[in-house]
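# Okay, predicted coordinates and the sequence, questions at the end:
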Amino acid sequence: MRFATRALRIGQEPDPKYRAVIQPLYQSSTFAWEDLDHIPAIDYTRCQNPNRETLEQVIASLENGTRATVYSSGMSAIGAAFSLLQNGDHLLMATEIYGGTFRIAEKWLPRQGVSVSSFCPHDPLTIRDVIRPESKMLIFETPANPNLRVCDVRAVAAEAKKHGLIVVFDNTFASPALQNPLDLGVDIVIHSTTKYIAGHSDVIGGATIVKDEELGVWLYEYAKAWGCVPSPFDCWLSLRGVKTLGIRMAQHSSNALAVAEFLEKHPGVAKVHYPGLPNHPDHQVAKSQMTSFGGMLAVEFHSVEAARKVAESTKVFILAESLGGVESLIAYPPLMSHATMTEEQRLERGIPPTMLRLSVGIEDPADLIEDLEQALR
Ligand SMILES: Cc1ncc(COP(=O)(O)O)c(C=O)c1O
């Protein structure tokens, strides 16, 4: 089955009891045993639940993996991947990384005896500058949050593999509809399912997807042991959301391109960062690994005041954290997604205080453009 069909049908046979077409919500913490000789396939919701199992099967299939585990948040999924690190290990982290991942690497991993170094994902050979005998894992993401730079996933993964590293990749910004990192050499794909996978800004969740059985078992057992699992209802909502991922991503991408082309020509705008624009520095790399360019873009204005004024003046774009929902959001990274970093750290990563991040939704693109036009006025 192709992507759109798999999103609707994997693991989703009509319910055996009443033939319900939609899987019922199994809002039960525990499941009855028939007798002591037969352990039920699902017996306790922290360990597994039918709604969670179905969501995992669909997400594994959409990422071309063999096994997925879902979590109570994207950060739990990142924590699960980091649980493969132990005292004395070394992590390589891309300079362009989500603020929450940066926070764990700065504050929490060193407390567990794990050291962290940065490398530039646009120059995979910089991995050689920081590699050590105790290096164990490398983590990166692209398109990057929030500046939308795109690195070559195959090249970074191949270089990391030469050094025997476990390669972890956060695919939240692209979603499995646009990019499948397991096919590009990555070992563990992470998602904040809060974003495009669930897609309606009504649930927090995360996922890891792998091809390797041993890694899959480890990640599943981590979620079971630490209990960072999503509720059955959160899984049910996420499953409903993921069914429309393909068509949503197509609309997000075409709306974002229309918005980027409008902003690019506006005199009030200093720079537009969208990998779908032919003049974006990473346009060719993006084309080689993505089927379309997604709904995220960043815009720089001529002053901090102008950026703040636009953020506070839109009416269709809602001023809020997060991304990937059907409605458009406008965000100010220094006070939101990247508040953990100092101004200097943000500048080093190409996040100036004059930049806003847009999560372009699936509204009529003419309304989005009119809204930005009035805000710029
Ligand atoms: C790229 C990326 N990864 C991970 C996360 C964390 O996800 P969650 O908020 O679901 O924990 C986010 C949240 O914004 C994100 O943008």
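Received, thanks. Numbers count the residues shown, from 1 in each chain.
# Up against the ligand, what does this structure have?
Proximity of the chain to the ligand, by Cβ under 6 Å from any ligand atom, involves residues 73-75, 98, 100, 141, 145, 170, 172-173, 192, 194, 204, 206, 322, 337. C-beta: built from backbone N, CA, C; applies to glycine.
# can you list the domains in this structure?
3-242, 246-376 (automatic domain parsing).
# Output the ones you listed as TSV; include the columns mean pLDDT and mean neighbour count.
Putting these into TSV (pLDDT from 0 to 100; neighbours: other Cβ atoms under 10 Å) gives the following:
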stretch	mean pLDDT	mean neighbour count
domain 3-242	97	19
domain 246-376	96	19
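# which one is the residue in the chain positioned nearest to the ligand nearest to, not counting chain neighbours?
In the chain, the residue that lies nearest the ligand is G74 (2.4 Å; Cβ to the nearest ligand atom). In space, and not counting its chain neighbours, G74 is closest to S192: 2.6 Å by Cβ to Cβ, 6 or more residues apart in numbering.
# Work out the gap between whichever helix or strand E300 is part of and the centre of the chain.
Per DSSP states H and E, E300 falls inside strand 296-301. Counting by Cα atoms, centre = their mean, to the nearest Å, strand 296-301 is centred 19 Å from the centre of its parent chain.
# Quick check: neighbours of it in the sheet, parallel or antiparallel?
strand 269-273 (antiparallel), strand 355-359 (antiparallel) (DSSP bridges).
# Which one of the ones you listed lies nearest to I247?
Closest to I247 of the strands paired with strand 296-301 is strand 355-359 (Cβ to Cβ; 17.2 Å).
# give me every residue that touches H273.
The contact partners of H273, by Cβ atoms under 8 Å, 6 or more residues apart in numbering, come to N147, L148, R149, H280, L297, A298, V299, E300.
# likewise P275?
P143, L148, V150, D282, H283, A286, M290, F293, G294 are the contacts of P275 under Cβ under 8 Å, 6+ apart.
# would you turn those residues into TSV with secondary structure?
Shown next, in TSV, are the contacts of P275 (DSSP: H, G, I helix; E, B strand; the rest coil):
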residue	secondary structure
P143	coil
L148	coil
V150	coil
D282	coil
H283	helix
A286	helix
M290	coil
F293	coil
G294	coil
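# Next, format the strands paired with strand 296-301 as CSV and append distance to L85.
Shown next, in CSV, are the strands paired with strand 296-301 (distance: least, Cβ to Cβ, whole Å):
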stretch, distance to L85
strand 269-273, 32
strand 355-359, 30
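# looking at it, the residue nearest to G74 is touching S72, isn't it?
No. Using Cβ atoms under 8 Å, S192 is not in contact with S72, being 11.3 Å away.
# anything in contact with each of the two?
With Cβ under 8 Å, 6+ apart, S192 and S72 have common neighbours G205, G206.
# Might you calculate how far stretch 176-186 sits from the centre of the chain?
Worked out by Cα atoms, centre = their mean, stretch 176-186 lies 12 Å from the chain centre.
# mind starting the numbering at 52 from now?
OK, 52 is where the count begins now, so the last one is stretch 227-237.
# start to end distance for that stretch?
Taking Cα to Cα, to the nearest Å, stretch 227-237 runs 13 Å from one end to the other.
# Ok, stretch 126-145 next?
17 Å.
# Same question for stretch 367-387.
End-to-end distance (Cα to Cα), stretch 367-387: 19 Å.
# Alright, that wraps it up for me.
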